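**Q** show me how the following folds:
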Amino acid sequence: AQNKILKNITAKKNVGVLSKKDVLEAKSAVTDAESDVRAAETQMEYAHMSFNYLLGFDPMQEVVFTDELSADTSEVADVETAVENALANRNEIKGADFAEKIYEILAGSVSAYPKNSSTRMTADINYKTAQKTANDARVQIEIDVRNKAAVVSDKKAELVAAAALQEYASEGLRLVELTYEEGLSTPDELLEMQVKVYQSNLNAANAAAAYNLAVIEYNDAQGIGTMRIPF
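**A** Here you go, the predicted structure:
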């Protein structure tokens, strides 16, 4: 199809149907595309080296992926269950509770000191601060989990929308190809639809990756923890 488009464009140019403006716009588009390709190649090379570095390989080692990117189809926990899991499992809470007990013991060890002594006051302040940190840890973790649940929902909606647009673009290309074969569509229209299909495929892949990462972060947030609560 692209060979035929090229022949038709060349034929239009030869018979003088294309204007000089059309030619200049086409050349400009080619220049922009070449620049985008170079930028994409640079990003790809950096991603390649970063991936190898992460796995402890030589930066320039060849990477061959055998799996295809697809959206995670596993069930995710509802937000209330996720909050319960996080409050039961997160090491931040366990660490904050442990610190609270330590400062409680330290405060008790100086309880015989006068209340206005610096030693007693410092111990009491440290204990109250540890109590607040332990309470705040639970609130912060609940907020963290609920936010990640919202992100999963958002990414799921984006994934569904991207899949629908991908389907629409593919069907649109099929119809334009049919009309093009009958001479009812122009080469420009066919090229435009091909670009839309490519872009929709790229958007669908990005949406799948974003959703998968959101699910991973959501599940991780229900385990031993992803952040440190200072105390």
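**Q** what helices or strands is the longest helix seen in the chain leaning on?
**A** Longest helix in the chain by number of residues (criterion: DSSP state H): helix 118-181. Under the contact criterion of 3 or more Cβ pairs under 8 Å, 6 or more residues apart in numbering; DSSP states H and E, helix 118-181 touches helix 79-89, helix 91-109, helix 187-220. C-betas here are computed from N, CA, C, even on glycine.
**Q** which of those sits closest to Gly56?
**A** Of all the helices and strands packed on helix 118-181, helix 187-220 sits nearest to Gly56, with 21.2 Å by Cβ to Cβ.
**Q** distance to Leu24, mean neighbour count and mean pLDDT for the helices and strands packed on helix 118-181 - can I get that in CSV?
**A** Converted to CSV, these look like this (distance: least, Cβ to Cβ, whole Å; neighbours: other Cβ atoms under 10 Å; pLDDT from 0 to 100):
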stretch, distance to Leu24, mean neighbour count, mean pLDDT
helix 79-89, 56, 16, 95
helix 91-109, 61, 17, 92
helix 187-220, 16, 17, 92
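**Q** export the ones you listed as JSON lines, with columns for distance to Val139.
**A** Formatted as JSON lines, the helices and strands packed on helix 118-181 follow (distance: least, Cβ to Cβ, whole Å):
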{"stretch": "helix 79-89", "distance to Val139": "10"}
{"stretch": "helix 91-109", "distance to Val139": "11"}
{"stretch": "helix 187-220", "distance to Val139": "18"}
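**Q** closest one to Ala33 among these?
**A** It is, among the helices and strands packed on helix 118-181 and with distance given as Cβ to Cβ, helix 187-220, at 10.4 Å.
**Q** separation between the residue nearest to Val176 when sequence neighbours are not counted and Ala162?
**A** Leaving aside its sequence neighbours, Val176 sits nearest to Met193 (Cβ to Cβ, 6 or more residues apart in numbering; 4.6 Å). To Ala162, Met193 is 17 Å away according to Cβ to Cβ, to the nearest Å.
**Q** just to revisit the earlier point, what about the longest helix of the chain, average pLDDT?
**A** Mean pLDDT, helix 118-181: 94.
**Q** again with stretch 30-47
**A** So the average pLDDT for stretch 30-47 ends up being 90.
**Q** just the CA trace of that stretch, in CSV.
**A** The C-alpha trace of stretch 30-47 is given here as CSV (Å, rounded to 0.1, in the frame of the first residue of the first chain):
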residue,chain,number,x,y,z
VAL,A,30,10.4,14.7,7.0
THR,A,31,13.0,16.9,8.8
ASP,A,32,10.8,16.9,11.9
ALA,A,33,10.4,13.2,11.7
GLU,A,34,14.1,12.6,11.4
SER,A,35,14.7,14.7,14.4
ASP,A,36,12.1,12.7,16.4
VAL,A,37,13.7,9.5,15.3
ARG,A,38,17.1,10.6,16.6
ALA,A,39,15.6,11.6,19.9
ALA,A,40,13.8,8.3,20.2
GLU,A,41,17.0,6.4,19.4
THR,A,42,18.8,8.3,22.1
GLN,A,43,16.1,7.6,24.7
MET,A,44,16.0,3.9,23.6
GLU,A,45,19.8,3.6,24.0
TYR,A,46,19.7,5.2,27.5
ALA,A,47,16.9,2.9,28.5
